[in-house]
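Enquirer: pasting the sequence and the predicted model now:
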Amino acid sequence: MLSNLFFTLNAVMPIVLVIAVGYFLKRIRLLDEKFFPLLNKLCFRCCLPCLLFFNVYNVENLSEISQYGRICLFAVVSTLVFFFVAVFVVKFTVKDDRQKAVMVQCAFRSNYAIIGISLAMSISSGDPRPVVAASILSSVSIPTFNVLAIIALSLFVSETGKKVSVLSVLKKIATNPLILGVFTGFVCLSVRHIIPYAPDGSKYFTIRQNLPFVYKTISMLAQSASPVALLALGGNFTFSAVARLKYKIIAGVFARTVICPLVCLSAAYALGFRSLEFPALIALYGTPLAVSTVPMTAEMGSDAELAGQLVVWTTLTSAFSLFGIIFACAQLGLLSV
């Protein structure tokens with residue numbers, strides 16, 4: 001039991017501490033408050049797409065993706081179920097149209113792109129297979145999250161009464177940096193798959209082999225994605241408007257950190273998923289609301305202040321909920337400690 005406790009601490013605390021460092025840097029004014037939104041934008045538009053491209057491109061081959069088809073299908077179906085249930089519940093419980101899409105996103109959209117993959121690596125105990133599963137899962141879950149987020153933000157009328165057109169929705173989906181990162185990775189992986197082998201057993205051309213400077217550049221930007229995003233998240237922490245939004249914050253935090261992981265992980269266990277898949281599933285369902293929810297919400301005319309509060313409080317709460325989830329799964333033998 002003690003080993004499981006230390007295992008959980010080692011998995012969760014580095015993430016929490018990097019976020020705390022970002023907040024501390026802002027508090028001591030080493031970095032200006034205006035810097036952190038720019039840092040978040042840098043991560044969203046550059047580092048994260050590189051990370052997603054890198055993860056997809058480094059899959060051994062296309063047949064490896066098919067080996068994880070079951071977990072990918074489970075992730076997509078469970079996300080769709082939570083999306084539709086959240087839309088139904090929010091429609092009758094939230095009065096402000098600008099807040100409805102934010103609450104819907106909080107129910108189904110996790111911070112898998114930033115925290116998820118690094119968390120899965122932390123709790124896989126050096127076994128590369130769960131990390132591969134987590135990377136492949138990102139190739140389907142992140143586009144699903146972003147497409148559903150844009151649809152959610154387009155379902156409800158803003159305060160001005162303006163509705164988002166179908167063309168605008170499709171354009172935002174097609175130009176989303178995270179979706180572009182995954183799509184580009186798939187294209188390059190598919191091209192690499194059809195390139196024939198040389199007599200020595202290697203491919204005639206790969207980015208890693210023939211354009212190492214390009215590969216290294218993408219690799220460096222990919223490696224910076226998680227720490228940069230976590231620092232930006234800490235620096236963007238604000239504690240204003242809590243009293244006015246407290247009931248929605250409580251509801252959103254409960255849905256994101258308790259209901260979603262409890263329901264989805266229980267269903268995954270019932271369907272036979274075990275230690276190979278559980279690090280990725282814990283990261284997918286147990287992580288807080290995605291940081292990119294805030295700029296996307298602001299851009300599409302919904303309540304960015306509520307989105308920011310939910311990002312902050314789900315992140316703080318997930319430090320404890322993830323601890324409980326990881327500890328419980330380790331005790332049940334669902335993680336290789």
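Expert: Yep, that arrived.

Enquirer: contacts and neighbour counts: CA atoms only from here.
Expert: Will do.

Enquirer: and the lowest-mean-pLDDT helix or strand in the chain, what does it pack against?
Expert: Ranking every helix and strand in the chain by mean pLDDT, DSSP states H and E puts helix 62-67 at the bottom, with a mean of 75. Packing partners of helix 62-67 (3 or more CA pairs under 8 Å, 6 or more residues apart in numbering; DSSP states H and E): helix 177-194.

Enquirer: mean confidence for whichever helix or strand comes after the helix it packs on?
Expert: Per DSSP states H and E, the first helix or strand lying C-terminal to helix 177-194 is helix 207-210. The average pLDDT within helix 207-210 is 91.

Enquirer: which residues sit against helix 207-210?
Expert: The contact list for helix 207-210 (CA atoms under 8 Å, 6 or more residues apart in numbering) reads 214-216.

Enquirer: give me that answer again for 7 Å
Expert: With CA atoms under 7 Å, 6 or more residues apart in numbering as the test, helix 207-210 has contacts from Tyr215.

Enquirer: for the least confident helix or strand of the chain, what is the distance to the chain centroid?
Expert: The chain centre lies 22 Å from the centre of helix 62-67; the measure is CA atoms, centre = their mean, to the nearest Å.

Enquirer: likewise stretch 316-335?
Expert: 18 Å.

Enquirer: can you mark which positions in the following helix or strand past the least confident helix or strand of the chain are buried?
Expert: Next helix or strand after helix 62-67 toward the C-terminus (DSSP H and E): helix 69-93. Within helix 69-93, the residues that qualify as buried are 71-72, 74-76, 78-80, 82-83, 86-87, 90, counting by 16 or more other CA atoms under 10 Å.

Enquirer: if we can go back for a sec, list the buried residues of the least confident helix or strand of the chain.
Expert: Buried residues in helix 62-67, defined by neighbour count with 16+ other CA under 10 Å: Ile65.

Enquirer: how about stretch 292-308?
Expert: Within stretch 292-308, the residues that count as buried by 16+ other CA under 10 Å are 292-297, 300-308.

Enquirer: where does this protein have low pLDDT?
Expert: Within the chain, the ranges that satisfy pLDDT under 70 run 1-5, 7-8, 157-165, 337.

Enquirer: tell me which residue is most central in it.
Expert: Tyr112 (2.1 Å; CA atoms, centre = their mean).

Enquirer: residues touching that one, list them.
Expert: For Tyr112, the contacting residues are 283-284, 287, by CA under 7 Å, 6+ apart.

Enquirer: sorry, back to before: now, among the buried residues of helix 69-93, which is nearest to Leu334?
Expert: Checking those against Leu334 with CA to CA, the nearest one is Ile71 at 15.3 Å.

Enquirer: now the closest one: how far from Thr79?
Expert: 12 Å (CA to CA, to the nearest Å).

Enquirer: hmm, Asn55 and Leu189 touching each other?
Expert: No. With contact defined as CA atoms under 7 Å, Leu189 does not count as touching Asn55 (10.4 Å).

Enquirer: can you map out the strands along the chain?
Expert: Read by DSSP state E, the chain holds no strands at all.

Enquirer: residue farthest from the centroid of the chain?
Expert: For the chain, the largest distance from the centre (CA atoms, centre = their mean) belongs to Pro199, which lies 41.0 Å off.

Enquirer: look up phi and psi at that residue.
Expert: Note on Pro199: its backbone torsions stand at phi -60, psi -30 [degrees, to the nearest 10].

Enquirer: okay, now Ile28: neighbour count?
Expert: For Ile28, the count of nearby residues is 9 (other CA atoms under 10 Å).

Enquirer: contacting residues around Gly185?
Expert: 53-54, 56-57 are the contacts of Gly185 under CA under 7 Å, 6+ apart.

Enquirer: of those, closest to His193?
Expert: The closest of these, once distances to His193 are taken by CA to CA, is Tyr57, at 10.4 Å.

Enquirer: who wins for neighbours among the contacts of Tyr112?
Expert: Highest neighbour count within the contacts of Tyr112, by other CA under 10 Å: Leu284, with 32 neighbours.

Enquirer: quick one, what contacts it?
Expert: 110, 112, 116.

Enquirer: with Pro177 instead?
Expert: Pro177 sits next to 45, 49 when contact means CA under 7 Å, 6+ apart.

Enquirer: out of Leu189 and Asn55, which sits in the more crowded spot?
Expert: Counted by other CA under 10 Å, Leu189 and Asn55 do not tie: Asn55 has more neighbours, with 24 against 20.

Enquirer: picking that back up, nearest to Phe278 among the buried residues of helix 69-93?
Expert: Nearest to Phe278 among those: Ile71, at 9.8 Å, using CA to CA.

Enquirer: from Thr293, how far out is the closest one?
Expert: Noted for Ile71: a distance of 25 Å to Thr293, by CA to CA.

Enquirer: do the same with Lys34
Expert: From Lys34 across to Thr293, the span is 18 Å (CA to CA).

Enquirer: settle this for me: Ile19 is touching Leu233, isn't it.
Expert: Yes. Counting by CA under 7 Å, Ile19 does reach Leu233; the two are 6.2 Å apart.
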